[in-house]
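Participant: Sequence and predicted structure below; questions after.
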Amino acid sequence: MSRRRLNVNPLDYSRKLWMRSAMGFTFFFLYFPIISLIIFSFNDSKRNITWQGFTLKYYEKAFNNNQLHEAFANSLLIAGISTLTATVLGAMLGLALYRFRFPMQGPYEGIVHLPIVIPEICLAVAMVAFFATVEVPLGLVTITVSHIAFSIPFVAVVIRARMAGFNRSLEEASADLGASQWQTFWNVTFPYMKPGLVAGALLAFTLSLDDFVITFFTSGPGSTTFPIKIYSMVRFSVTPEVNAASTVLIVITLALTTLALWVQSKSQRNESNA
Amino acid sequence: MENWRNNKIAFFILSMPPTAWLMIFFTLPLAIMWVYSFADRGPQGQIELAINFDNYIRAVEWIHLGIIWKSIWTAAIATAITFAIGFPLAMGIAFAPPQWKNALLLMVILPFWTNLLIRTYAWIAVLRTRGFLNFGLEWVHDKINAFFALFGLTDLLGQFEALDLLYSHNAVVIGLVYVYLPFLVLPIYATLEKLDKSYLEASLDLGAGHWRTLFSITFPLALPGILSGCLLAFILSMGTFLTPDLLGGTDSEMIGNLIARQFTSSRDWPFGSALSFLLLYFTFIVLWVRATMADRNRGPV
């Protein structure tokens, strides 16, 4: 379609002033709070109300805050173990759902995808009730176990979506040429799955790193994570230090998600070139 | 798809570990909570196993029914506002030039990748008495006053009074709209994108105006996406805990906070379990409605 045709199209709503102002307003609404939070993390004022000049001292303060260090280390430890376990288990689940037809498949799929849809608070209090019943004290272990449980279905969904584009005849060819099931999996299926695994792992990592509600309820003394530390700082007082810590978390999450998208788009490009 | 019987070993190796994990650390906790929801609370907050419906009956007592009703009402208002600002956005993106679409979609999803807690916390600085919104309002107020002062009407609007927005029901609604906007925009965008634009062109060619085309053609055709997005935003708002906790006042408690309170300060786990299951059942019903409608729309049209 030529540029001229686009100009005269009456359905070209995005060129209308009222539509542009509505969209402009919504994007302002979406970005203003976060951007002002980031800007005010550089504000040289303790009360954080009006702009007093640029400073990095609250980053310095946040980086020298031992409790924040400890919380960040806890978050990384939990997210690391949770990602590793959830990616393996989620990939297995995704492959099983992609590959097999079995009795009670509908209800089974409903149950395993449930952690994605149920309200977080319900899952959080259920975990509390569970750990109390089996008499496991709340701490890093209980947080990690809960994170793995809610990350598995997310990874499974990503893997299944990835496998939807897989050509099964490659596996058949491999089997016909005498490869064992394991060889076929390792040399044919697994390389195809890899971008899905990376994307699933990054998703699991961000989910774990960002989670507040479930972590809040399943954490015990000494197992404070980064979001929980931020929450208690917010509760205590709103200072630029909280903004600085929040900005760090925003940057990490955005970097990881961008990486995941990049991996996915790169693998798609490679396939269309092949 | 292959029948599991053809390759039982591979099927069990793949499906058993994740199934076991989810059964032990997801289904079992829910089952335990379900059992607790019929139990009694002991004098020190301990759980005395029993089979009675007292907790469920308590949930519909006036004081709790008020909170449940308030949750439904808050979620409904938040959904309506989300739709009012989300629909034009979805439409703007769907009708945008192709080279802009992905960038605009990314801009909708981007805030959604930042931490929920931080996104909610960011509103405190905007809404508080000495916050950005009140500063903006004060500026507009002063400008209007200055403008009328030119005509000799000094101090027409009087002294500016800051709005008490934070820690109120309104702040909760704003927070919910903010957090769940992408969930509503994306399904609506998906249906608008697939919609056959020639229907709209025909309507315009036949002399209907843009508004009439919107209400008689676009809305009905995009209804599956609209319902799907709205129900999703509704159910997510309904189950929220963090937004009322950070932005709400003493009277903006929603069902999520009531549940949380039973497991913390009130130490009434059986009652909390019953409330939690009521919220779960409600969620399932809404999701079931959403799924049936999606099925119906996928069928022959």
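Facilitator: Sure thing, it's come through. All of these numbers come straight from a predicted model, not from anything done at the bench.

Participant: so which strand or helix has the residue in the stretch 51-200 of chain B positioned nearest to chain A?
Facilitator: Of the residues in the stretch 51-200 of chain B, the one nearest chain A is residue B:122, at a distance of 3.6 Å by C-beta to the nearest C-beta. All C-beta spots, glycine's among them, are computed from the backbone N, C-alpha and C. Under DSSP states H and E, the secondary-structure element containing residue B:122 is helix B:116-127.

Participant: So which elements touch that helix?
Facilitator: Other helices and strands packing on helix B:116-127, by 3 or more C-beta pairs under 8 Å, 6 or more residues apart in numbering or on different chains; DSSP states H and E, are helix A:17-40, helix A:226-236, helix A:240-273, helix B:132-149, helix B:169-194, helix B:242-247.

Participant: Surely residue B:130 touches residue B:163?
Facilitator: No - in terms of C-beta atoms under 8 Å, residue B:130 does not count as a neighbour of residue B:163; the distance is 11.4 Å.

Participant: For the closest residue to chain A within the stretch 101-250 of chain B, report the pLDDT, please.
Facilitator: In the stretch 101-250 of chain B, the residue found nearest to chain A is residue B:239; the distance is 2.7 Å by C-beta to the nearest C-beta. At residue B:239 the predicted local distance difference test score is 92.

Participant: Quick one: residues contacting the nearest residue to residue A:264 once chain neighbours are set aside.
Facilitator: Taking C-beta to C-beta, 6 or more residues apart in numbering or on different chains as the measure, residue A:264 lies nearest to residue A:199, with 5.2 Å between them; neighbours along the chain are not counted. Neighbour list for residue A:199: A:158, A:162, A:260, A:263-264 [criterion: C-beta atoms under 8 Å, 6 or more residues apart in numbering or on different chains].

Participant: Spatially nearest residue to whichever residue of the stretch 51-200 of chain A sits closest to chain B, not counting backbone neighbours?
Facilitator: Ranking the residues of the stretch 51-200 of chain A by distance to chain B (C-beta to the nearest C-beta) places residue A:119 first, at 2.7 Å. Nearest non-adjacent residue to residue A:119, counting by C-beta to C-beta, 6+ apart: residue B:239, 2.7 Å away.

Participant: Show me the helices in chain A, by range?
Facilitator: Taking DSSP state H as the criterion, chain A carries its helices at A:3-8, A:17-40, A:57-63, A:66-99, A:105-112, A:114-117, A:120-133, A:140-163, A:168-176, A:181-184, A:190-210, A:213-218, A:226-236, A:240-273.

Participant: Tell me which other helices or strands the last one touches.
Facilitator: What it means is helix A:240-273. Under the contact definition 3+ C-beta pairs under 8 Å, 6+ apart, helix A:240-273 sits against helix A:17-40, helix A:57-63, helix A:190-210, helix A:226-236, helix B:98-113, helix B:116-127.

Participant: Check the fourth one too.
Facilitator: Other helices and strands packing on helix A:66-99, by 3+ C-beta pairs under 8 Å, 6+ apart, are helix A:105-112, helix A:140-163, helix A:190-210, helix A:226-236, helix B:8-22.

Participant: repeat that with 7 Å
Facilitator: Contacts of helix A:66-99 with other secondary structure elements, assessed using 3 or more C-beta pairs under 7 Å, 6 or more residues apart in numbering or on different chains; DSSP states H and E, are made with helix A:140-163, helix A:190-210, helix A:226-236, helix B:8-22.

Participant: Reformat these as a markdown table; add distance to residue B:116.
Facilitator: As requested, those are exported to a markdown table (distance: least, C-beta to C-beta, whole Å):
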| stretch | distance to residue B:116 |
| --- | --- |
| helix A:140-163 | 14 |
| helix A:190-210 | 7 |
| helix A:226-236 | 9 |
| helix B:8-22 | 23 |
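
Participant: Now render those as CSV, adding distance to residue B:91 and mean pLDDT.
Facilitator: Rendered in CSV, the data for the helices and strands packed on helix A:66-99 read as follows (distance: least, C-beta to C-beta, whole Å; pLDDT from 0 to 100):
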stretch, distance to residue B:91, mean pLDDT
helix A:140-163, 27, 95
helix A:190-210, 29, 92
helix A:226-236, 35, 89
helix B:8-22, 39, 93
